[in-house]
Each structure stands twice: as structure tokens, then as C-alpha cells.
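Visitor: Quick one, what's the 3D model for this:
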Amino acid sequence: MRLALAVLAALALAAPARAQDAVPAVGGGSFNAAPLLEPGVTYRDTLLLGEYLYYAVPLESGQRLHVQVRVPGVDKATWERSQDAFAINLHTPQREQLDTPVVEDVAGNGSTGPAGVTDANVDELLRWDFFGPVTEPFQAAAEDANEYAGAGTWYVSLTSVRANDRDTVAELPVELTLDADGEPVPEEPDPTPEPTATPTPAATPAPDAGGDGGPSPGALLGAGVAGLAVGLVASRALRRR
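Guide: Model (predicted):
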């Protein structure tokens, strides 16, 4: 009896400890409101029916996004009542949604809700674990004609929709871990521009004494002598009077 009570007490203590491992988070309703999550930390949130939740994580060149999502503590009836389509989407730093977010599938469930959920396998199937594409160096990503797949802030969005019953109010508990997998690759430095020679300003030529720019010094001297002679002649003529 005492052993059974001890086991029950240990289980009771272990359950809240497992829940406390995940850090509370509030996903944003848009890209601008997406919280920046710390890589490798497990967060918990609540996804309402018909809602989109966005989360952000930084990636450097050469890294890929590792996504782990769980829907814990949900039975088959709750799962089926809560959604017709559950999806995990990846978005590039330019907010483009990847058509193929799952490059390497670890859990085997892909990026959408699994089919054939039963009470026996609900905890096993309601978990996703996959890797996205490797980010490219900035120059290669900028030249890519398809979606931008370079370094920057990447986004993960969760959604749960039910097409035939919009009046249903339901919520799903989710646990989310985003991690940056791989070592960063150094970016190629920008090419150094070739130095251009500064043109030397042309020297201003000195005035030509004998050119057309004005009278020469000899001409000025001759004009002065002639004026002096005219003045002497006029002075003598006045004296004779």
C-alpha cells in the first residue's frame, strides 16, 4: 500500500514538472506581431480554432530551421472536434510561404495533421519533427529567381481550421521548439571597387606679354614717352605767349 502511494505521489509530482519545462509564449496574429523565440527553448501556447499564430526565429547562412511541435493531452474526440486541417507553415524572411517546408521528416508526420488518429495513438501522432531548407548566403539568395531562402528572421505559423462548423469554439494546447541547426557559413565579402585616379586640374597658362591679351610693356612705355613729349611742347607754347 505504501509503495503504491509513493508511486502515485511521484507521478503527481512529475506531471506538473513536465508542464513547467515549457516556457509560456503568445503567438502573434501577424508577421509584425510574431515573438522572437530563443532557439532550442520549448514554448507552450494555445491555438484557437480558425486562428493563425506566428513565431519568429533568426537563422544565419548555412543553417536550417528545426521545427518540433506537439499537441499534448488531447484525446481523439477533442482533436476531431477542433479541426479539419492542422498545418505548420514555414515563411522566409521576405514572408513568403514555402510550398515544401519539410525537407527532412524525423517524426514521419509531414507538415499537416495526420490521418487515422485513435485514442491509442493520439499522443504518438500529434507530434511533428522536421527540418526546413538550408539557408543560402546572401548573394546567392538575392540572385535566386524563386523565393528568398537566405539568412534573416524566419517565421513559423500554426493554424487549425474547421470548414463545416464555424460556430464551434475549441482550442488546442501546443508545444513548440524552434532551433537553428548547423554551423553558420561566413558570408562572402563584397568585392572591393577598383580605385579611380583623380584627374589633375589643368594649369592656367600665364598671360602672354606679346599676345592678344593686352598691350605689351614696350607699348605702354612708348605711350608714356609720347605723352611726356606732348606735354613739354604744350608747356613751351604757353610760355611764348
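Visitor: Any regions of the chain where pLDDT drops low?
Guide: 1-20, 110-115, 138-147, 163-169, 188-194, 197, 200-241 (pLDDT under 70).
Visitor: what's the neighbour count on K76?
Guide: 14 (other C-beta atoms under 10 Å). To be clear about C-beta, it is placed using only N, CA and C from the backbone, and glycine gets the same treatment.
Visitor: That one against L125, yeah?
Guide: No. Distance between K76 and L125: 10.1 Å, which falls outside the contact criterion (C-beta atoms under 8 Å).
Visitor: which one is K76 nearest to, not counting chain neighbours?
Guide: D119 (4.9 Å; C-beta to C-beta, 6 or more residues apart in numbering).
Visitor: Count the neighbours of that neighbour for me.
Guide: Applying other C-beta under 10 Å, I find that D119 has 10 neighbouring residues.
Visitor: for R95, same thing?
Guide: Neighbours of R95 (other C-beta under 10 Å): 16.
Visitor: The residue lying closest to it once chain neighbours are set aside is in what secondary structure piece?
Guide: Nearest residue to R95 in three dimensions, chain neighbours excluded: F31, at 5.3 Å (C-beta to C-beta, 6+ apart). According to DSSP states H and E, F31 maps onto no helix or strand at all.
Visitor: list residues touching both of K76 and L125?
Guide: V117 (C-beta atoms under 8 Å, 6 or more residues apart in numbering).
Visitor: Check which helix or strand R81 maps to.
Guide: helix 76-82.
Visitor: ok, the closest residue to T118 other than its chain neighbours - contacts?
Guide: Nearest residue to T118 in three dimensions, chain neighbours excluded: K76, at 5.9 Å (C-beta to C-beta, 6+ apart). Listed by C-beta under 8 Å, 6+ apart, the contact set of K76 reads V117, T118, D119, V122.
Visitor: mind redoing it with 10 Å?
Guide: Counting by C-beta atoms under 10 Å, 6 or more residues apart in numbering, K76 touches V117, T118, D119, A120, N121, V122, L126.
Visitor: Most neighbours among those residues, which one?
Guide: Ranking the contacts of K76 using other C-beta under 10 Å puts L126 first, with 22 neighbours.
Visitor: Pretty sure it sits against T118.
Guide: No. Contact criterion C-beta atoms under 10 Å: L126 and T118 do not qualify, at 11.4 Å.
Visitor: so what's V23 bridging to?
Guide: Y43 (DSSP bridges).
Visitor: what's the distance between it and L37?
Guide: Note on V23: its distance to L37, by C-beta to C-beta, to the nearest Å, is 9 Å.
Visitor: Mind checking which of the two has more residues around it?
Guide: Using other C-beta under 10 Å, the more surrounded residue of V23 and L37 is L37, with 21 against 13.
Visitor: Please name the residues that touch that one.
Guide: So, once contact is read as C-beta under 10 Å, 6+ apart, L37 ends up touching 23, 25, 27, 43, 55-58, 156, 176-179.
Visitor: Can you select the buried ones from the residues you listed in ChimeraX?
Guide: Remark: buried members of those, expressed as a ChimeraX selection using 16 or more other C-beta atoms under 10 Å:
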select :25,27,43,55,56,57,58,156,176,177,178,179
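Visitor: List the ones among the contacts of L37 that fall in strands.
Guide: V23, Y43, Y55, A56, V57, P58, V156, L176, T177, L178, D179 (DSSP state E).
Visitor: Might you report the residue contacts of the residue nearest to V156 when sequence neighbours are not counted?
Guide: Distances taken as C-beta to C-beta, 6+ apart place Y55 nearest to V156, at 5.0 Å, with adjacent residues excluded. Shown in contact with Y55 (C-beta under 10 Å, 6+ apart): 25-28, 34-37, 43, 45, 67, 154-158, 176, 178.
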